[in-house]
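1. Fold the stuff below for me.
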Amino acid sequence: MAPAATLPTVDARPQKDPRSIPAVPDLDCESYDSEDVLTQDIIEGLKNAGLCVVRQIIKPEVRAKISSELRPYTIDLAPTPGDFWPKETRKLTSMVSKSETYALELVGHPVWQTVGNHFMTSTLKDYWNSEEITTSVSKPQLNNTQGFIIGPGARAQGLHRDDFVHHNRQPYAESHTLGRDTSIAFFLADTPTTRQNGATRFIPGSHLWDYDILPSEEAAVQPELQPGDGVMMLSGTYHGGSRNQTDESRAVWSAVTTRGWLRQEENQYICNDVEKIKKLPIWLQRFCGYEMSKPFMGYVDLDDPIKVLHPGMKGDVDQFY
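-> Sure, this is the predicted structure:
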């Protein structure tokens, strides 16, 4: 019998100093006068470390309203099935139609939307359409929405990347380039998130590693969060929930953005109450998936899918390209 294959450890990374782990950017929203500057700093932090902590990105009164709208749905949640998550974990889904405040203020947060647009917009340049050179831009879409309620005694989750759902594999890169990532996540703390109650472990810089490299627990860090603090993370970054050693649950709300031409991890068309989706701003309805990914993807009867929700609406005249 052939010996079992042994995966290389973190020290096998093909770079000059394989033990060099970048610091996690930790930004305080209240220290910024300009939303544009904050957004740019988040983008630079994500490119370098694969994640960025953003303090008080959601104001206390807004965070409290999101919580009050979502918490009733968590009361009767059954333990999450399977062994990917600890049995003490309860997960809430289909959240865009469960909380209008979550949809508008977290999914629709302008900083988050700009960051997602930066990393997840796809541009197909200079392809021939008959005798014309054409460029098509595919805008990002909502990938999934999840609430995590991690109960006392929950074990640590294994370190993993989230982009395996889109079959993404990448080689080692010296620095980040657009196109490497298939999704980006935004986690919002609803309760204090500490090392004792299982704050998520991340390996900064692992979004640039060769995907054959085994994650190392020694390289992981655990940012602690207060309610209203957020973490944004590129999906190629190794991370995992940690052991909850307290007698209280920790709660985190999240939203994930992906490319317009990839399949959504959570089927937004089926899982949400369509009548509630129709009450959201049109741009947010489109972000949920009721929009063409140019060129040509996602049409309904050769027309703009937003018309399924609003039959009398004028569609995108340039919807195909």
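2. for this protein, what spans make up the helices?
-> Here the chain has its helices, by DSSP state H, at 35-49, 60-74, 100-101, 110-120, 268-271, 274-277, 282-287, 306-309.
3. Give me the contact list for the fourth one.
-> Around helix 110-120, the neighbours that count as contacts under CB atoms under 8 Å, 6 or more residues apart in numbering are 35, 38-39, 42-43, 46, 54, 57, 106, 139-140, 178, 181, 183-184, 186, 232, 234, 255, 257-260, 287. C-betas here are computed from N, CA, C, even on glycine.
4. Over to the residue found closest to S249 once you drop the neighbours it is linked to in the chain: give its phi and psi.
-> Residue nearest to S249 in three dimensions, not counting chain neighbours: G151, with 4.9 Å by CB to CB, 6 or more residues apart in numbering. The phi and psi values for G151, taken as degrees, to the nearest 10, are phi -80, psi 170.
5. residues touching G151, list them.
-> Counting by CB under 8 Å, 6+ apart, G151 touches 88-90, 244, 249.
6. ok, back up a step: among the contacts of helix 110-120, which ones are buried?
-> 38-39, 42-43, 46, 54, 57, 106, 139-140, 181, 183-184, 186, 232, 234, 255, 257-260, 287 (16 or more other CB atoms under 10 Å).
7. From those, which land in strands?
-> Here DSSP state E is the test, and the buried ones among the contacts of helix 110-120 give 54, 183-184, 186, 232, 234, 255, 257-258 as lying in strands.
8. Export those residues to JSON lines and append columns for pLDDT.
-> Converted to JSON lines, those look like this (pLDDT from 0 to 100):
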{"residue": "V54", "pLDDT": "98"}
{"residue": "S183", "pLDDT": "98"}
{"residue": "I184", "pLDDT": "98"}
{"residue": "F186", "pLDDT": "98"}
{"residue": "M232", "pLDDT": "98"}
{"residue": "L234", "pLDDT": "98"}
{"residue": "A255", "pLDDT": "98"}
{"residue": "T257", "pLDDT": "98"}
{"residue": "T258", "pLDDT": "98"}
